[in-house]
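Participant: make a model of this:
(chains A and B)
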Amino acid sequence: MLTLTSPFETPLHRLPAGLKLAALALASIGLMAMQSLWALGVAGVAVVCLYLAFGRGFAGYGLRLLRPLWPFVLIIALWHGWTGEFAAGGIIAGRLLLAVALANLVTMTTRLEDMMTLVERLARPLARFGLSPRVLAVAVALVVRFTPVLMDKAGQLMQAWRARSARRVNWRIVLPISLMALDEADHVAEAIRARGGLSGP
Amino acid sequence: MEKNVAYIALFAALIAVLGLVPQITLATGVPITAQSLGVMLCGTVLGARRGFLAVLLFVALVALGLPLLSGGRGGLGVFSSPTVGFVIGFPVAAFVAGLVVEKWRVGLGIASFAGAILGGVLVLYLFGITGMAVVLGKSWPAASLLVGAYIPGDLIKAGMAGFITQGLARLRPHAVLSRG
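Facilitator: I've put the predicted structure just below:
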């Protein structure tokens, strides 16, 4: 399945995931503490340089990931344009863009396997409360595997709808899609049990 | 055990599918994403605890970097963006919706509708608006103005959740775990 990890290999890919997450947490706290437009501007230049250091393609990909934020930036611009508090608006928008850009940087340079290894290590103490790492790993693997499967089947259901009806596909399609997910869950549960179950050694 | 894990995982996948399936249109022709409908269904079909875990699994995978949110969004950036409250509120919304269906012993359709409104709309928007107010540095009433336009659509989705849960119970009575 597609992930958001960047296809452009960077030196950041080789850093441990835990280190990157810790750095992100610190940087995000630092961003929240910044009260001046100057400090944010300097931080902004640093982040842009960081992205560009890994190549133009990488930076372009990072820019595309920021696209969903434009309505919010527009709202802030309109709001603060109206009230006249331009500096305050600039700080809020700058903080937002930088915080998301830094978080995206970690996501873009950390493979799902590396994240999973970290999660499994962090979740190990939870075994005492009944969440075995094996169950967690199976659950994650099932979601990763079955999202495209359900996607395909949902597509087939929609095609079948279009073949039989003159009406556009509407919300009623959600019932057969959910039914299919339920049935698939029953099959998967049977299959896991047939292979020895989850509570085994 | 196997059944619980399979149901939780497949419903987490269902939320993703409902967010990515694009062509659902309302009678008025307005396209909507059914992602929050998926969250409601997790609660009303699986019950409070399993529904919460299914949605939590979904949110965790989004955080790890899978583009499963509607519009193909995902990754850690989601948790710094103005919509963070909605994503964090998703599991709680499913929990509350499931709790209503489990505790309120009226017809499944009615209970699911009520649960979806209480969890999937009221609780979810409390989280969502609070997140937006914090990230955008606005007051709570101002933030609620920004998202108010989406509330009617979500009320309609609560109605759909009622119908769909009832339909599923009719087709697969054993599978609706919230009333199991």
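Participant: which residues of chain A fall in helices?
Facilitator: With DSSP state H as the criterion, chain A has helices at A:17-33, A:37-53, A:56-65, A:70-83, A:86-108, A:112-123, A:133-164, A:174-194.
Participant: any part of the second one near chain B?
Facilitator: No: for helix A:37-53 and chain B, the contact criterion (Cβ under 8 Å from any Cβ of the partner chain) is not met; the two come no nearer than 12.5 Å. The way it works is simple: take the backbone N, C-alpha and C, and place the C-beta from them, glycine included.
Participant: and what of the longest one?
Facilitator: Yes: using Cβ under 8 Å from any Cβ, helix A:133-164 reaches chain B at A:135, A:138-140, A:142-144, A:146-147, A:149-151, A:154, A:158.
Participant: go on, the first one?
Facilitator: Yes: judged by Cβ under 8 Å from any Cβ, helix A:17-33 comes into contact with chain B through A:Leu24, A:Ser28.
Participant: buried residues in that helix?
Facilitator: The neighbour-count check on helix A:17-33 (16 or more other Cβ atoms under 10 Å in any protein chain shown) flags A:Ala17, A:Lys20, A:Leu21, A:Leu24, A:Ala27, A:Ser28, A:Leu31 as buried.
Participant: out of the helices of chain A, which is the most enclosed?
Facilitator: Mean neighbour count (mean count of other Cβ atoms under 10 Å in any protein chain shown) peaks for helix A:86-108 among the helices of chain A, with a mean of 21.
Participant: which elements pack onto that helix?
Facilitator: Helices and strands touching helix A:86-108, by 3 or more Cβ pairs under 8 Å, 6 or more residues apart in numbering or on different chains; DSSP states H and E, are helix A:17-33, helix A:37-53, helix A:56-65, helix A:70-83, helix B:124-136.
Participant: picking that back up, I'd like the helices of chain A written out as a markdown table, with mean pLDDT added.
Facilitator: Below are those laid out as a markdown table (pLDDT from 0 to 100):
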| stretch | mean pLDDT |
| --- | --- |
| helix A:17-33 | 92 |
| helix A:37-53 | 94 |
| helix A:56-65 | 92 |
| helix A:70-83 | 91 |
| helix A:86-108 | 93 |
| helix A:112-123 | 88 |
| helix A:133-164 | 92 |
| helix A:174-194 | 94 |
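Participant: show me the one of the ones you listed that comes nearest B:Trp140.
Facilitator: Closest to B:Trp140 of the helices of chain A is helix A:70-83 (Cβ to Cβ; 14.9 Å).
Participant: report whether the closest one contacts chain B.
Facilitator: Yes: counting by Cβ under 8 Å from any Cβ, chain B is contacted by helix A:70-83 at A:Phe72, A:Ile75, A:Ile76, A:Trp79.
Participant: relative to helix A:86-108, how tilted is that helix?
Facilitator: Angle, helix A:70-83 to helix A:86-108, by axes from the mean of the first three to the mean of the last three Cα atoms, to 10 degrees: 170 degrees.
Participant: how far off centre is helix A:70-83?
Facilitator: 26 Å (Cα atoms, centre = their mean, to the nearest Å).
Participant: B:Arg49: what's it in contact with?
Facilitator: Residues near B:Arg49 by Cβ atoms under 8 Å, 6 or more residues apart in numbering or on different chains: B:Phe95, B:Gly98.
Participant: quick one: A:Tyr61 from chain B, how far?
Facilitator: Per Cβ to the nearest Cβ, to the nearest Å, A:Tyr61 is found 12 Å from chain B.
Participant: leaving out chain neighbours, which residue sits closest to that residue?
Facilitator: A:Ser6 (5.7 Å; Cβ to Cβ, 6 or more residues apart in numbering or on different chains).
Participant: isn't A:Leu21 right up against A:Val106?
Facilitator: Yes: in this structure, A:Leu21 is within contact of A:Val106 by Cβ atoms under 8 Å, at 6.5 Å.
Participant: and the residue of chain B positioned farthest from its centre, what does it touch?
Facilitator: In chain B, the greatest distance from the average C-alpha position (Cα atoms, centre = their mean) is reached by B:Gly137, at 25.8 Å. Counting by Cβ under 8 Å, 6+ apart, B:Gly137 makes contact with A:Ala88, A:Ile92.
Participant: got the helices and strands packed on helix A:86-108 as JSON lines, with distance to B:Val176 columns?
Facilitator: Shown next, in JSON lines, are the helices and strands packed on helix A:86-108 (distance: least, Cβ to Cβ, whole Å):
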{"stretch": "helix A:17-33", "distance to B:Val176": "38"}
{"stretch": "helix A:37-53", "distance to B:Val176": "48"}
{"stretch": "helix A:56-65", "distance to B:Val176": "38"}
{"stretch": "helix A:70-83", "distance to B:Val176": "38"}
{"stretch": "helix B:124-136", "distance to B:Val176": "22"}
